[in-house]
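Chemist: how would this look folded up:
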Amino acid sequence: MMVMKMGEKEGGTTACCCGRGGDDGGSCFFSSRCSFWGAHRLPRNRHGIMQFWKPPMIIAIVALLLLPGDMVIVPVQGRRSRRWTPLARQHEHLQQEHSSHSRRIAHSLLRSHRASVFPTAPELFASNPQEPTSSPPFPPGFLFASSGDSTALPSLPPDVYESSPFVDLSSSPSVPLQPWPTEPLTPVEGSVGSASESSSSPPEIPSRPYNAKEHWEIVRANCTQLITGSDGPVFKFAGWNSRNLMYASATPEGQQSVLKILSQAQSMGLTVCRVMACNDGDGFPYIHPHPDVFNETYFLALDWLLNEAASRGIRLLLVLANNWESKQQYVRWVFERGFQTVSAEEARRRNSSASRGNEDDSLTEVIDPVERAFNQDDFFSDPLCKQWYKDLVAKVVGRTNTITGVAYQDDPAIFGWQLMNEPRTQSEISGESLQAWIAEMAAYVKSLDPNHLLSHGSEGFLGPSAPQYLWINPPADDDWPRRQGNDFLKESAVKDIDILTVHIYPELWMAGFSFDSQMAFIPKWIKGHMEIAGKHFQKPIMFDEFGFVGLRENRDVMFRIVYDKLYPYVLSGQLAGSMFWAMDDINAYFSSWSVSYDRDLATTVPIIAEHARKVNALMATPIS
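Modeler: Here you go, the predicted structure:
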C-alpha cells in the first residue's frame, strides 16, 4: 500500500491521497468530487465545516507530507475503526479493478489515532518464499492427507485447469490416503453435546472414500445435519470463499483463473465455495446495472461457473447481496429518482450525530451537509429497494442454466442461497427493520425455490434480545458488537432460514488487542454459538467465513486453531462445515486476505487440505 503525496503518479494516472482520484483526474484532498473524500469522509462539525484540528486529519496530513512513497500505513485500529474495517475488507475487488488492492486501507488512517509502518505488500509476501523442491505426479481429484510435508501438495500441471468431466474426490491408486491419526483429537474444552465423547473414538477407515458423484443431489437440512437428496447420507463439508468467481467467469482470461482455482480447491478436497452473485461494488453493479436492467453476460458467466464447479464435485453457495456495496447502490438509485429515503429533519439529526462520533459516519453519505442525505440502512425498509432486490432474486433463482438445461432450483451444483453478506443496521441498534427484511426476503426466496438451503449471512453478533449471551461477543470498550443491529437468535429463528451462519474475524473485531488475546477469543466464540444452536434451534450451523490478513505465519496459527476447535463438532454431527476467506489466483483478483495455492503450498495449504481430508473421510461410503 502506498501513501502517495498529492500529484504523484501511479500507473500513469494522477492519484489522489485516497487512491481513487477526483472526477477531473487530479488530486482531491480537499475536493468533494472524489467519492471517498467527499463531504461525508472528512471530519466535520454539525454544520459541515471540516475540522482540520482533529487527530485523524493531523495524522493524515503529516503522513502524506512526510512519508516516502514506498512506505505502507497499516493502522493499529482504534475504537471507531473497528466498526469500519469490515467495510474496507469488502472493497477488495473494486480496488483491484482500478489498481492495487493494498491501497484500500490508505484512507483508513484518517479513522485511526495510531499507525505503524510496514514494508510494502510485495516485500511482505516475499518474506516466506518456500516452495517444494520436487513435484511428484499429481492425479486430478486426489484427496490429500498431508501432515505438513510440502511435497505432498505438488504444483498442479497446466492441463488440469482445462474443462474436465466429473472427477472422483476419492483417493488415487498411486498415492494412497494416509491412515487416521492414532491419537484422538483434543476436544473443545467444555464443548456441548457429544463432541468431546465422540472425538475420543476415531472412526474406522472405510474402504470406499467419499465420492461426490455418487451423491450428486441437492443438499437439504435434516434437523441439525445436512443430507444429500430426500433421505441420502449426511453431508459435511470443508470449503472456501472466492467472491469474484462469477465476475471472472465472464472473460476468457478470467475463466483460466477460475479453472485454476477450482482445480486447486478440488485437489485440496474442498467441496463448497461461497460466491457473490449480486451487485458487489460501489459504482460497479455488474449483474444488475440499472433497476430495470440485468446484464446477461454475467448470468451466462454464472451458468458456466456452475457447470465447471459441478464437474469437479464442488457446490456453490450463492450470495444475493452484500451489505458493504449492494445496499449503497440500491439506495443511490432511490435518491437519483428524486426520492429522499429520510426527511430533511432526520438527515440533519443523523449528520449531527455522525459528526459527534455517535454513529458510524460511513453509513451516512452527505449529499448536502444540511438538507439532503441518505442512509444505506434504509435499504431494508424502502419499498423500491426491496422490490429491486426481489427482482434480482427472481432473475437469479428462477433461471435455467443455458449450458446444462437444468433449472437453478433443481441444480445440485447450487449448495444454497444466502440473503446478504454480513447484513447489519448500525443506524438502528434494535435491528427491527433488518429482522423484518430477513423474514420477508426469506419467505420470498423460498416461494421461488423450496429445494435449496437458505441462510441469512450474518456474522453472529448477539443482540439485546438475549443479554445472557452478550459475553460471547468480541470484547470492546464501547460495546460496538451489540450495536450493529444484529441479533443472532432473532435472525436464526426466522422460519424460512434453513442453516445458521457465523463468521470469525478476531483480528478485525479486536483491533488493539494482542495476537494471543485474539486467538484466545476463538474457542469462546465457537463454543458460544454451538451452545446456542444446540439449545435453541433444530437447524444446521456453518462457519461460512473466517480469515486473517497480515503475516502468513499468524494466519497459519489461526487456521489451525479454528480447524482444531471446529472439527470435534463436525465429527459429532453438530456442525455442517466451514469455509475460510479466501482463495484466489495470485495473478488475478488477489488480495492480502487471500490464500494462494502456489505461494502457500508449504504453509497454509496443507493445513486446509488436512482438515478437508478428515471431514471427507466422515462421509465415506460404508461397505454393504
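Chemist: outline the domain layout of this protein.
Modeler: Each structural domain of the chain that the record assigns through automatic domain parsing is listed here as a residue range: 9-125, 151-322+386-617.
Chemist: and the shortest one, what's its mean pLDDT?
Modeler: Confidence over domain 9-125, taken as the mean pLDDT, stands at 38.
Chemist: same question, the longest one
Modeler: For domain 151-322+386-617, mean pLDDT is 87.
Chemist: residues touching Ala413, list them.
Modeler: Under the criterion of CB atoms under 8 Å, 6 or more residues apart in numbering, the contact list for Ala413 reads 306-307, 309-310, 314-316. C-betas here are computed from N, CA, C, even on glycine.
Chemist: could you pull out the strands for the stretch 451-600 of the chain?
Modeler: Counting by DSSP state E, counting those that start in this stretch, the stretch 451-600 of the chain has these strands, from start to end: 453-455, 500-504, 541-546, 577-581.
Chemist: would you format those as TSV with distance to Ser433 and mean neighbour count included?
Modeler: As requested, the strands of the stretch 451-600 of the chain are arranged in TSV below (distance: least, CB to CB, whole Å; neighbours: other CB atoms under 10 Å):
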stretch	distance to Ser433	mean neighbour count
strand 453-455	19	24
strand 500-504	20	26
strand 541-546	23	25
strand 577-581	27	25
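Chemist: looking at the contacts of Ala413, which are in strands?
Modeler: Counting by DSSP state E, the part of the contacts of Ala413 found in strands is 315-316.
Chemist: check the contacts of Ala413 and tell me the two furthest apart.
Modeler: In these, the most distant members under the criterion CB to CB are Asn307 and Arg315, with 12.5 Å between them.
Chemist: ok so, going back, distance to Pro475 added to the strands of the stretch 451-600 of the chain, as a markdown table?
Modeler: What follows is the strands of the stretch 451-600 of the chain, written out as a markdown table (distance: least, CB to CB, whole Å):
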| stretch | distance to Pro475 |
| --- | --- |
| strand 453-455 | 27 |
| strand 500-504 | 15 |
| strand 541-546 | 18 |
| strand 577-581 | 22 |
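Chemist: wait, which of those is closest to Val397?
Modeler: Closest to Val397 of the strands of the stretch 451-600 of the chain is strand 453-455 (CB to CB; 10.1 Å).
Chemist: got a list of contacts for that closest one?
Modeler: The set of residues external to strand 453-455 that reach it, using CB under 8 Å, 6+ apart, is 219-221, 226, 317, 415-419, 442, 445-446, 496-501, 542, 544.
Chemist: show the buried residues in the contacts of Ala413.
Modeler: The neighbour-count criterion (16 or more other CB atoms under 10 Å) marks 306-307, 309-310, 314-316 among the contacts of Ala413 as buried.
Chemist: mind putting the residues you listed in TSV, distance to Glu491 included?
Modeler: Converted to TSV, these look like this (distance: CB to CB, whole Å):
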residue	distance to Glu491
Leu306	28
Asn307	33
Ala309	28
Ala310	30
Ile314	27
Arg315	23
Leu316	23
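Chemist: which of these lies closest to Ile608?
Modeler: Ile314 (14.3 Å).
Chemist: mind listing the helices for the stretch 351-500 of the chain?
Modeler: Assigned by DSSP state H, counting those that start in this stretch, the helices in the stretch 351-500 of the chain fall at 383-397, 432-448, 488-492.
Chemist: okay, the angle between the second one and helix 383-397?
Modeler: In this structure, helix 432-448 runs at an angle of 30 degrees to helix 383-397, with axes from the mean of the first three to the mean of the last three CA atoms, to 10 degrees as the basis.
Chemist: what's next to helix 432-448, contact-wise?
Modeler: Residues beyond helix 432-448 that count as contacts (CB under 8 Å, 6+ apart) turn out to be 320, 377, 380-381, 386, 389-390, 393-394, 397-398, 409, 417, 419, 423-425, 428, 454, 456, 485-487, 490-491, 494-497.
Chemist: please redo it, this time with the cut-off set to 6 Å
Modeler: With CB atoms under 6 Å, 6 or more residues apart in numbering as the contact definition, helix 432-448 has outside contacts at 380-381, 390, 393, 397-398, 417, 419, 423, 425, 454, 456, 485, 490-491, 494, 496-497.
Chemist: of those, keep whichever come out buried.
Modeler: 380-381, 393, 397, 417, 419, 423, 425, 454, 456, 485, 490-491, 494, 496-497.
Chemist: return the member of these nearest to Ala248.
Modeler: The shortest gap between Ala248 and any of the buried ones among the contacts of helix 432-448 belongs to Trp417, at 20.8 Å (CB to CB).
Chemist: how close does the closest one sit to Ala442?
Modeler: Look at Trp417 and Ala442: by CB to CB, to the nearest Å, they are 9 Å apart.
Chemist: and for Leu270?
Modeler: Between Leu270 and Ala442 the distance, using CB to CB, works out to 27 Å.
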